[in-house]
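> sharing a model that was predicted from the sequence below.
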Amino acid sequence: MHALTKGLLAGAAGTTVLNLVTYGDMLLRARPSSEVPADVADRLADRAGVDLGGEEDAGNREQAAGALLGLATGLGVGTAYGLLRGAGVRLPAWLDGPLLGALAMAGSDVPAAGLGVTDPREWGGESWVSDIVPHLAYGVVTALALRALD
């Protein structure tokens, strides 16, 4: 199997687990979904000069685009690591999962902070845990899937 395909499949597995952990947390704590992905999509559309439609249409499109950006991040990180592994890069097993999780987390949090949607310096402990745990699960599952596919 090609390295790109392995990475894509591993990223899909990791992204699925990230969503399971996130939605499980929302269910257990009865917390609402984050508006950050939709707000990032809105800011990106504004900067690109893209009209998302009327208020209701724009809100729906922002939600969808935010979710798609998250999927792209998860698939992209997995694919990139798959390509690196295909080129012979091997990280220690104890490191690759947390590192992939951190990269995926940075892939969503850095643009959000850069666009002024959120400021991680102002987050409380609960917000950090709600962000770290799903991304760590993503990284571990993505790394395990890649190793299994090898």
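On my side now, so go ahead. Residues are numbered from 1 along each chain as shown.
> contacts and neighbour counts: CA atoms only from here.
Noted.
> sec struct for the nearest residue to D39 once chain neighbours are set aside, please.
The shortest distance from D39 to any non-neighbouring residue, by C-alpha to C-alpha, 6 or more residues apart in numbering, is to V117 (6.5 Å). Under DSSP: H, G, I helix; E, B strand; the rest coil, V117 falls in the coil class.
> can you give the distance of the biggest helix by length in the chain from its chain's centre?
Longest helix of the chain, by residue count under DSSP state H: helix 55-86. The chain centroid and the centroid of helix 55-86 are separated by 7 Å under C-alpha atoms, centre = their mean, to the nearest Å.
> now swap in stretch 142-150 and tell me
The chain centre lies 18 Å from the centre of stretch 142-150; the measure is C-alpha atoms, centre = their mean.
> for L149, what are its contacts?
K6 (C-alpha atoms under 8 Å, 6 or more residues apart in numbering).
> how far away is it from R90?
L149 is 14 Å from R90, where distance means C-alpha to C-alpha, to the nearest Å.
> now E35
36 Å.
> can you give me the helices in the chain?
Going by DSSP H, the chain shows helices at 3-29, 36-48, 55-86, 93-114, 125-149.
> got those helices as CSV, with mean pLDDT columns?
As requested, the helices of the chain are exported to CSV (pLDDT from 0 to 100):
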stretch, mean pLDDT
helix 3-29, 97
helix 36-48, 93
helix 55-86, 94
helix 93-114, 96
helix 125-149, 96
